[in-house]
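> predicted structure and sequence below. I'll ask about it afterward.
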Amino acid sequence: MSKIDRVMRSNLKLRHLQLLVALDQFRHLGRAAEFLALTQPAVSKTLAEIERLFELDLFVRSTRGTEPTAYGLAVVRFARSVLSDYERTRDEIAAVASGAAGRTSVGAMVVATPVLLARAVALLKARSAQTTVAIEEGDLTRLLPRLRVGELDLFVGRLEPGYAAPDLEMEALYEEPMCIVAPAGHGLAGKTRPRWADLVGEPWVMPPPWASSRIKLNQQFYKNGLNPPADIIESASFLVTLNFMQQRRALGFWARSVALHFERQGLVKVLKIAVGIELPPVGLITMRGRLRTPASEQLMACLREAALTNSATSAPTAARSAPAPARRSGRSPR
């Protein structure tokens, strides 16, 4: 057994892992000490102890703070993963002891949060009111790293082919077309046949520039001989998008089921303009081979059920496959 293997299996303790994660988070000995309720000399001593175990420099100290070395980044990733599994197991044991149904953490894109995930959580709560669902909204670039280290149990959103990887399981649920929306009462909301040229001079709230929906939206403007709008705010947050659309009377580019949901509430209006854009299906991403908690399995089942009853504009995908094959432990595929 190599020395590093022995250190990671036998010598590292939870307090070591917690200290490494705190140092990576705060990048400052004093602030990490304050967070851990320790003295700064105690933090310095413990870090030196960990580095002696590995016989490697894990952090570089300077007047500006502490920065992880390449070795340090690798050990911090390991620490985060172990601590996440520890917390998940602790919560599951506590839930069983208290008679509650447990906890699950999900990362969600805007395309899934207001309708699909909301319906799935409602189904879950109807069956198990004590199950806690922690939801973090964002895009793949921010949420996938958190899924990989165990801080999230699953992800729901667009199954972008560029993010497919051997360690991920992707399961398509349904196709979700896009549409252009305006705040209720906007000048274009009542227009019978708005043109792409009508949209260029308007303020917009758009997805981030790396999102496939943003790239393809820009292509639609180019296809119609136009430059994309210049007055834009970029966000992957639905709350930010809705807020600035209302505040600035801006246009937005939304999933159709989400748009219809908020149109029924009188907040937005779907513009009558054809959007010839094909995007990846909406679905689930989990880590291949990672043990799922009962709460996570329940939420995934509710997401599949909610997908079947999603808006008529979002047909379930039967013929089109996800970027990677779906596998479910102990179950035959549907």
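Cool, got the structure.
> please make it C-alpha for all contacts and neighbour counts, starting now.
Fine.
> quick check: bridge partners of V133?
T104 (DSSP bridges).
> who's in contact with it?
Taking C-alpha atoms under 8 Å, 6 or more residues apart in numbering as the contact definition, V133 lies against 103-106, 121.
> so how far is L284 from it?
16 Å (C-alpha to C-alpha, to the nearest Å).
> could you do L199 as well?
33 Å.
> same question for L23.
33 Å.
> strands of the chain, start to end?
Secondary structure of the chain by DSSP state E: the strands cover 59-62, 65-68, 103-108, 132-137, 154-158, 168-174, 178-183, 204-206, 232-234, 251-255, 268-270, 282-287.
> these: which one's closest to A37?
Closest of these to A37 is strand 65-68, at 18.3 Å (criterion: C-alpha to C-alpha).
> okay, now the unreliable bits of the chain?
1, 95-101, 311-334 (pLDDT under 70).
> 80 instead?
1-10, 88-89, 91-102, 310-334 (pLDDT under 80).
> show me where it has its helices.
With helices called from DSSP state H, the chain shows them at 3-6, 14-26, 29-36, 40-54, 70-98, 118-127, 140-148, 196-200, 212-223, 238-248, 256-264, 294-308.
> mind putting the ones you listed in a markdown table, mean neighbour count and distance to L279 included?
Converted to a markdown table, the helices of the chain look like this (neighbours: other C-alpha atoms under 10 Å; distance: least, C-alpha to C-alpha, whole Å):
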| stretch | mean neighbour count | distance to L279 |
| --- | --- | --- |
| helix 3-6 | 12 | 44 |
| helix 14-26 | 19 | 35 |
| helix 29-36 | 18 | 43 |
| helix 40-54 | 16 | 47 |
| helix 70-98 | 16 | 32 |
| helix 118-127 | 17 | 22 |
| helix 140-148 | 18 | 15 |
| helix 196-200 | 15 | 20 |
| helix 212-223 | 16 | 7 |
| helix 238-248 | 16 | 19 |
| helix 256-264 | 18 | 12 |
| helix 294-308 | 20 | 17 |
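> mind listing what the nearest residue to A22 once chain neighbours are set aside touches?
Leaving aside its sequence neighbours, A22 sits nearest to A32 (C-alpha to C-alpha, 6 or more residues apart in numbering; 5.4 Å). By C-alpha under 8 Å, 6+ apart, the contact set of A32 is 19, 22-23, 26, 43.
> ok, so of the residues you listed, who is nearest S213?
F26 (34.4 Å).
> name the nearest residue to L284, sequence neighbours excluded.
Residue nearest to L284 in three dimensions, not counting chain neighbours: V156, with 4.7 Å by C-alpha to C-alpha, 6+ apart.
> partner residues bridging that neighbour?
Bridge pairing for V156 - DSSP bridges - gives A108, L284.
> so what's it up against?
106-109, 112, 282-285.
> now with 6 Å?
For V156, the contact set (C-alpha atoms under 6 Å, 6 or more residues apart in numbering) comprises 108, 283-284.
> and E305, by the same measure?
Shown in contact with E305 (C-alpha under 6 Å, 6+ apart): no residues.
> one more: F221?
F221 sits next to 227-228 when contact means C-alpha under 6 Å, 6+ apart.
> try it again at 10 Å.
F221 is in contact with 196-197, 199-200, 227-229, counting by C-alpha atoms under 10 Å, 6 or more residues apart in numbering.
> okay, the strands of the chain, which one's buried deepest?
strand 154-158 (a mean of 28; mean count of other C-alpha atoms under 10 Å).
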